[in-house]
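> Got a predicted model here, sequence first, then my questions.
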Amino acid sequence: MHVSACLMGRWRVRRFVWVLVALLIQGPLARAQPPIPETVWTMTGEAALVVWADVEEVSPLPADATGRKGMIPPSPDTPDMVARLRIREVWKGEARAGEQLLVYWADSECPPPPYYKEGRAVVTFLSYATEKWETVAGSYGTRYPTGDDEVAAYRQAVVLAKEAQHIRSQARRVGNRLSLEPMRVDWQVQVSAHPATRWDGMYGLAGGADVIHDFYDLKGRRPLRLTEAQRARFARGFVEHPPLDSSLPTMLKVLHGYADKQVDQAAAQSLETMFNEGRRQEWVVQAFDLLRERHGEKPKPREPLSDEEALSEQEARDEANGASASSIQREWARFKKRHRLTPTSSPLSIARRRGDSPF
């Protein structure tokens, strides 16, 4: 997953500053704070329209145009960009295939704006609160599936979220205060199975395990308890699509205490791939230690990376994790020998460009 420059290289003390800005200051400074992470679940609930559409044109607005009816004074929220979309499919809301939409936004560095790429097909979450179409949640609200399989995964995630939220809405209309939480957790488990929507499902399942995004989430999420049936389904998704990114340790945390040889094998395969590729970021070492625990070992705690290193996912430095790259490699070799593991390396998928995953 690509992380915007807005989210990189900030210290934890700045989080306190952003809180003060959000609570005490109105206007441009308050709007400049990084956005709270939003998943397909939350954006489906907030959006009036969710579509899969072709981005036909992206252009700056003339100086005297705002996308609103009439003139308004310019501000940091005044749109200066517009994208022309041609709808392929409507997954939520009132529109039709083939219809054209104009979507407006204010280009900025922070918070990161939505990303519309000419000539590409985008899944986008839209609101119509200010007499024009705008993107829900900025950069989180534009997603770029890379094939039919990923389109199907996003379509299913949106439809399932919409149906669950509709059930709760209908129940409340007749005075039944039905809780949405069990349906949301079940949705998270289900969409975590596919790599395209994995982050949307994973976020929040293991509390603050996602250091990059949780840094800007003021909700202070706690790990969620899953039923055995949910963990079994979650484990199947892990085995069918072993993660080759920072979701690996998060998924292993969710499956802590859940004995499954296939999960162990899939995790070992992912780690073999990472080590063969020379990847030794903090999350790789963390996943290694979690796999050691699954094999009954008790690894010594490692000194965590600094905030700046963790947020930028730089390779772990010797002084930060207490072990050089070569020693980690030796640890991995000894671990495989102890447990008679012979994992094979998986082909790494092509790294996604900003146009594929801008948030």
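Happy to help now that I have it.

> can you give me the strands for the protein?
Assigned by DSSP state E, the strands in the chain fall at 49-60, 81-92, 100-105, 121-127, 133-135, 142-143.

> my read: His295 touches Asp289, true?
No - between His295 and Asp289 there is no contact, the gap being 10.9 Å when judged by C-beta atoms under 8 Å. The way it works is simple: take the backbone N, C-alpha and C, and place the C-beta from them, glycine included.

> So for those two, which sits in the more crowded spot?
Neighbours per residue, other C-beta atoms under 10 Å: of His295 and Asp289, the larger number sits with Asp289, 17 against 12.

> and the strands of the chain, which is most packed in?
strand 142-143 (a mean of 26; mean count of other C-beta atoms under 10 Å).

> helices or strands up against it?
Judged by 3 or more C-beta pairs under 8 Å, 6 or more residues apart in numbering; DSSP states H and E, strand 142-143 is in contact with strand 121-127.

> one more time with 10 Å
For strand 142-143, the packing partners by 3 or more C-beta pairs under 10 Å, 6 or more residues apart in numbering; DSSP states H and E come out as strand 121-127, helix 148-173.

> hang on, the earlier thing: would you reformat the strands of the chain as JSON lines and include distance to Arg231 and mean pLDDT?
Output for those, formatted as JSON lines (distance: least, C-beta to C-beta, whole Å; pLDDT from 0 to 100):
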{"stretch": "strand 49-60", "distance to Arg231": "29", "mean pLDDT": "97"}
{"stretch": "strand 81-92", "distance to Arg231": "29", "mean pLDDT": "97"}
{"stretch": "strand 100-105", "distance to Arg231": "40", "mean pLDDT": "96"}
{"stretch": "strand 121-127", "distance to Arg231": "29", "mean pLDDT": "98"}
{"stretch": "strand 133-135", "distance to Arg231": "35", "mean pLDDT": "96"}
{"stretch": "strand 142-143", "distance to Arg231": "27", "mean pLDDT": "97"}
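
> Distance to Glu228 for those - can I get that in TSV?
Output for the strands of the chain, formatted as TSV (distance: least, C-beta to C-beta, whole Å):
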stretch	distance to Glu228
strand 49-60	33
strand 81-92	32
strand 100-105	44
strand 121-127	33
strand 133-135	39
strand 142-143	32
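
> How about Arg236: what's its closest non-neighbour residue?
Ala193 (6.9 Å; C-beta to C-beta, 6 or more residues apart in numbering).

> If I follow the layout properly, that neighbour ends up in contact with Gly201?
Yes - using C-beta atoms under 10 Å, Ala193 makes contact with Gly201 at a distance of 7.7 Å.
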